[in-house]
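Enquirer: what follows is a predicted structure for the sequence shown.
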Number of protein chains: 2
Amino acid sequence: MNGADRLCDTLLVNGVDVCFANPGTSEMHFVAALDRKPEMRCVLGLFEGVVTGAADGYARMADKPAATLLHCGPGMANALANMHNARRAWTPMINVVGDHATYHLVNDAPLTSDIESLARPMSHYVHRIATPEDVGPAIGEAYAAAMSLPGVATVILPGDCAWGSVEPAEVKATPVPAFRTVGSDTIREVAAALRKHGSRAALMMTGASLRAGALETAARICAATGCKMYGQMSNGRIERGAGRVAIPKVFYPVDMALEQLKDVDLLVLVGAQIPVGFFAYPGKPGRLIHDGCTVTTLGKMGDDLVGALDALAEETGAAKVEPAFIAKAQTETALPTGTLDADKVCTIVARLLPENAIICDESVSSGRVFYQQCHNAPQHDYLQLTGGAIGEGIPMCVGAAVACPDRKVIGMQADGSGMYTVQGLWTQARENLDIVTVVFANRTYAILHGEMRAVGVNDFGRNATLMLNLDEPALDWVSMARGMGVEAARATTAEEFTKLFKGALGRKGPFLIEAVI
Amino acid sequence: MNGADRLCDTLLVNGVDVCFANPGTSEMHFVAALDRKPEMRCVLGLFEGVVTGAADGYARMADKPAATLLHCGPGMANALANMHNARRAWTPMINVVGDHATYHLVNDAPLTSDIESLARPMSHYVHRIATPEDVGPAIGEAYAAAMSLPGVATVILPGDCAWGSVEPAEVKATPVPAFRTVGSDTIREVAAALRKHGSRAALMMTGASLRAGALETAARICAATGCKMYGQMSNGRIERGAGRVAIPKVFYPVDMALEQLKDVDLLVLVGAQIPVGFFAYPGKPGRLIHDGCTVTTLGKMGDDLVGALDALAEETGAAKVEPAFIAKAQTETALPTGTLDADKVCTIVARLLPENAIICDESVSSGRVFYQQCHNAPQHDYLQLTGGAIGEGIPMCVGAAVACPDRKVIGMQADGSGMYTVQGLWTQARENLDIVTVVFANRTYAILHGEMRAVGVNDFGRNATLMLNLDEPALDWVSMARGMGVEAARATTAEEFTKLFKGALGRKGPFLIEAVI
């Protein structure tokens, strides 16, 4: 057996049994090894951004990493944007990047590049394999790193380490370090601070604290102490819907966020960072909390956030208190009609959402009302773009659908962002994934129109118009989707959209609706 | 005026008047400044790989850089693969990467990343602008670097350096260092070595030495000394066709290249590297020359290669000698008929090629006979994938067509590679560029089938089949192209292809032919 076989065995013994792949010549031994492992599900992406976006979506739902197979520095370069999003979502991921044979690097062949330099900014863990015997331990370490950070682990696999022989040996599962327990001193201090600040305190949450159970614990603490709770602006996954906690997120527009947080004098970080503007603007602050706000940390990513919340509930006497902020089911009202716009699309999707759906939200500016509207929708998982690197929506749907084949995946997709990884539609078709993609076809980079106004430009000339609009010609999403094997249709009225969306929910397999707004 | 205005002025005064762009929020002041400069042509790409691929194609034909506008680390990450190709082609390019305001970096906002670490592997020159007043000098220095290496210069532009005020000042053109003159000792030594080795010597050429005039000079040297001449395996641009020098390139398959170069005892590098295998294979050498081959350097990139060849021609008494290897015009023979295959497509394109066309070749395995077939075609420029980072063909056509609006651009496009930056078709439509894209629709990663056989795997199982084939479902290029506003049609016979190709040549504007092979 060779290093590539050992690689597959080490992944499989650790339960990593999905590999999103876009292979090249230097990975042929890895492909051959995967071919000997039918228990590994290999999913091809026609571009590497699809591969890592899918791996991100998969792991957010499966709570374990997928492997990715990427080809040399340039192949990984194509994957970096969605690795960035995964890093910002604290998603476990194991990237295997094929490289030239160790002795060939000195020849500076055309595809040679400094893979480590490219990988580090978008990875929590980077390791270059040195020998065939190094493959097993390296992949085990990468798995443990991915699970315990949690985060993105990138392993560089030279060709000769894949094709070189290894001694047969029993491959054992790699022990994963437990999340760190938050100390009782911290729990007591946070509890005391919460009591002191009452309604002028807030929890700022992300990661595991946004799952239904932890959210409910946090909502008990809110009920007991009077504090508020927020999710970060962007999070990997939130379990939500009627009967669960309706947690607001920090707003994207700086002025709205400052208003939202202006009364918070104590901010308790639960895996989260201090909220900051997505961008800086002349004359506006970067931090979204006021200067007098005290910040304290209940736990960081890698800590046992769920356990910390449980302990904090005990300490604050909240364990048996009824949780605050539980969302009621939405009431039956008439669906929007007439000319379609972005808000109507959001309303219709929220109102018709099937039970237990997974929403992958890359609606950008079109979907700003959507999150709020879904508080009372049937229970669902909400995955969003975390790192601002657009082009994750279509692949994230792929990954979520692979992880949860029995659940409906709804992609809320801005058109400009969707074009970044439009190739992912083909993977949706090939794998016959149960995904409804709703494209908000506003035919502009609408968010940038707003940002241009924010810098004081209201009348656009020729160059700005060319750079901010996607018309001339209008993108025909129905044709593009069909070209990649995905059935699709176009809606220009609310009634048409409702009909198409209901139809898409009533069938299995991928479907795309171009909502012209 | 602000830093962004100064940036535009500095580009324009240096003759950089095309900007391929995919802007984001942190570049809004740059966009606003571009909007005040109608003399700057702004071309939008719907993905950053389109932007840098187009900038590469543009500069190869214009012999001066375009600017690119990229958004933060992740936006530049999407651009890296084609920056890699540009770096390997020694293409002048000025990338302007917007970043957060200097004071916002400490807040680690979602889009923050280590841009320098990402940029360095794919750039010859990287600089982070520190103040608004630094913008002008930095862009001037980047321009000089891009022109004199020549190569890829990447400049990071923090938002506050774009929006901050600068003192009005006259902006002057930046002096560009001349290429280094190769010393007369080197000329004499190379001449002596060539005389000594006669027909067992060869010139290995790239860069400026592959333009028609320099090639003819080299071919005179070949005639006078008996030496051979080769182009590198991959080169940025070759001027060729009937009446010009027919220069062979180093073959891609290792065994063929070893056979090709087995009698070369003296290799003279003219801007080129020592030829090496594109990949390493178990048991095969990495270098493609034999161990006893002497290697000497006439000049490196950044040296005056054209002047060095002129001097070498004088020194070898070749200046007045008739050049060797001049290609005759092709003779009229019947075009292929019947079921279409890759070789027939190549033959028909070569035979019908219009005068003064620009060929952008990303045909990968499908086009291996094409280069040879075009020696005798009407005169044309031949641009190819240089760094092995697939997904450059469609954007390269964009750039070449922007640089040379009066010439027909022919894209020879493998289907798997074409999917990487398929979004570039939309830019072809928007700019109404005169491009015929020929897609070799073999519906596999054909090159990888060969590579799998090279590692000894002949029977593919389910996983290998899934990862190496692009069928299930077949890509419908006609629908995809139409979805992005490019007219398109499909050919399944040689007669159909001939008719479509003739039709496409007889009209202006983009057209795509899906050649099902």
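Expert: Nice, thanks for sending it over.
Enquirer: what does the stretch 151-300 of chain A have sitting close to chain B?
Expert: Counting by C-beta under 8 Å from any C-beta of the partner chain, the residues of the stretch 151-300 of chain A close to chain B are A:159-160, A:163, A:233-234, A:273-274, A:276-280, A:282, A:286-287. Just so you know, the C-beta spots here come from the backbone N, C-alpha and C atoms, and that holds for glycine as well.
Enquirer: now the two most distant members of those.
Expert: A:W163 and A:P282 (55.9 Å; C-beta to C-beta).
Enquirer: who's more crowded, those two?
Expert: Remark: of A:W163 and A:P282, A:W163 carries more neighbours, 22 against 13, as counted by other C-beta atoms under 10 Å in any protein chain shown.
Enquirer: what about the residue nearest to A:G302 when sequence neighbours are not counted, how many residues close to it?
Expert: In space, A:G302 comes closest to A:L149 once its chain neighbours are excluded; the distance is 5.7 Å by C-beta to C-beta, 6 or more residues apart in numbering or on different chains. Close neighbours of A:L149, defined as other C-beta under 10 Å, add up to 19.
Enquirer: pretty sure A:L149 is touching A:K300, no?
Expert: No: the criterion here is C-beta atoms under 8 Å, and A:L149 misses it with A:K300 at 10.4 Å.
Enquirer: contacts for the helix or strand bottoming out on mean pLDDT in chain A next, please.
Expert: Here the helix or strand of chain A ranked lowest by mean pLDDT, DSSP states H and E is helix A:446-454, holding a mean of 87. Under the criterion C-beta atoms under 8 Å, 6 or more residues apart in numbering or on different chains, residues A:279, A:281, A:364-366, A:414, A:416, A:458, A:460, A:464, A:468, B:23-25, B:28, B:31-32 lie in contact with helix A:446-454.
Enquirer: and the buried ones among those, selectable in PyMOL?
Expert: Selecting only the buried entries of those in PyMOL, with 16 or more other C-beta atoms under 10 Å in any protein chain shown as the criterion:
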select buried, (chain A and resi 279+281+364+365+366+414+416+460+464+468) or (chain B and resi 23+24+25+28+31+32)
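Enquirer: which parts of the stretch 301-450 of chain A sit against chain B?
Expert: So the stretch 301-450 of chain A meets chain B at A:386-389, A:391, A:416, A:419-420, A:422-423, A:426, A:429-430, A:445, A:447-448 (C-beta under 8 Å from any C-beta).
Enquirer: could you identify the buried members of the residues you listed?
Expert: Using 16+ other C-beta under 10 Å, the buried members of those are A:386-389, A:391, A:416, A:419-420, A:422-423, A:426, A:429-430, A:445, A:447-448.
Enquirer: narrow these to those in helices?
Expert: A:G416, A:W426, A:A429, A:R430, A:I447, A:L448 (DSSP state H).
Enquirer: reformat those residues as TSV; add distance to B:V436.
Expert: Putting these into TSV (distance: C-beta to C-beta, whole Å) gives the following:
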residue	distance to B:V436
A:G416	28
A:W426	24
A:A429	28
A:R430	29
A:I447	35
A:L448	33
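Enquirer: so which pair among these is furthest apart in space?
Expert: A:R430 and A:L448 (33.2 Å).
Enquirer: pretty sure A:G307 is touching A:R180, no?
Expert: No: between A:G307 and A:R180 there is no contact under C-beta under 8 Å: 9.7 Å.
Enquirer: in terms of neighbours, single out the busier of the two.
Expert: Taking neighbours as other C-beta under 10 Å, A:G307 and A:R180 compare with A:G307 leading, 18 against 14.
Enquirer: in the stretch 301-450 of chain A, where is pLDDT below threshold?
Expert: The stretch 301-450 of chain A contains no residues with pLDDT under 70.
Enquirer: doesn't A:I359 belong to a strand?
Expert: Yes: assessed by DSSP: H, G, I helix; E, B strand; the rest coil, A:I359 belongs to a strand.
Enquirer: got the contact list for it?
Expert: A:L353, A:C374, A:H380, A:D381, A:Y382, A:L383, A:V409, A:I410, A:M412.
Enquirer: does the fifth one touch A:Y371 like I think?
Expert: What that stands for is A:Y382. Yes: between A:Y382 and A:Y371 there is a contact under C-beta under 8 Å: 7.3 Å.
Enquirer: find residues that contact each of those two.
Expert: Joint contacts of A:Y382 and A:Y371 (C-beta under 8 Å, 6+ apart) are A:D361.
Enquirer: on that earlier part again, going by distance to A:D291, which of the contacts of A:I359 wins?
Expert: Using C-beta to C-beta, the contacts of A:I359 come closest to A:D291 at A:Y382, 32.2 Å.
Enquirer: for that closest one, grab the count of nearby residues.
Expert: A:Y382 is flanked by 24 other residues according to other C-beta under 10 Å.
Enquirer: for the one 10 residues further on, same thing?
Expert: Using other C-beta under 10 Å, A:E392 is surrounded by 36 other residues.
Enquirer: what of A:H104?
Expert: By other C-beta under 10 Å, the residues close to A:H104 number 24.
Enquirer: residues contacting it?
Expert: Taking C-beta under 8 Å, 6+ apart as the test, what A:H104 contacts is A:G159, B:V276, B:G277, B:F279, B:A280, B:G286.
Enquirer: I'd guessed the fifth one sits against A:V106; true?
Expert: No: using C-beta under 8 Å, B:A280 is not in contact with A:V106; the gap is 10.7 Å.
Enquirer: who has more neighbours, those two?
Expert: B:A280 (25 against 12).
Enquirer: what's the helix or strand for that one?
Expert: Assigned by DSSP states H and E, B:A280 falls within no helix or strand.
Enquirer: excluding its backbone neighbours, what's nearest the residue nearest the centre of chain A?
Expert: What sits nearest the mean C-alpha location of chain A, by C-alpha atoms, centre = their mean, is A:G236, with 4.5 Å. Closest residue to A:G236 in three dimensions, ignoring its sequence neighbours and counting by C-beta to C-beta, 6+ apart: A:A89, at 3.4 Å.
Enquirer: same check on A:A429?
Expert: A:G485 (3.3 Å).
Enquirer: tally of neighbours for the one you found?
Expert: 20.
Enquirer: list the contacts of it.
Expert: A:L425, A:W426, A:A429, A:R430, B:P473, B:A474, B:L475, B:D476.
Enquirer: same question, A:H29
Expert: Contact partners of A:H29, counting by C-beta under 8 Å, 6+ apart, are A:N2, A:G3, A:A4, A:G159, A:A162, A:W163, B:V455.
Enquirer: reformat these as CSV; add pLDDT and secondary structure.
Expert: Formatted as CSV, the contacts of A:H29 follow (pLDDT from 0 to 100; DSSP: H, G, I helix; E, B strand; the rest coil):
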residue, pLDDT, secondary structure
A:N2, 96, strand
A:G3, 98, helix
A:A4, 97, helix
A:G159, 96, helix
A:A162, 97, helix
A:W163, 96, helix
B:V455, 78, coil
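Enquirer: relative to B:K196, which of those residues is nearest.
Expert: Of the contacts of A:H29, the one sitting nearest to B:K196 (C-beta to C-beta) turns out to be A:G159, at 38.5 Å.
Enquirer: and the pLDDT for A:T112?
Expert: Looking at A:T112, its pLDDT stands at 97.
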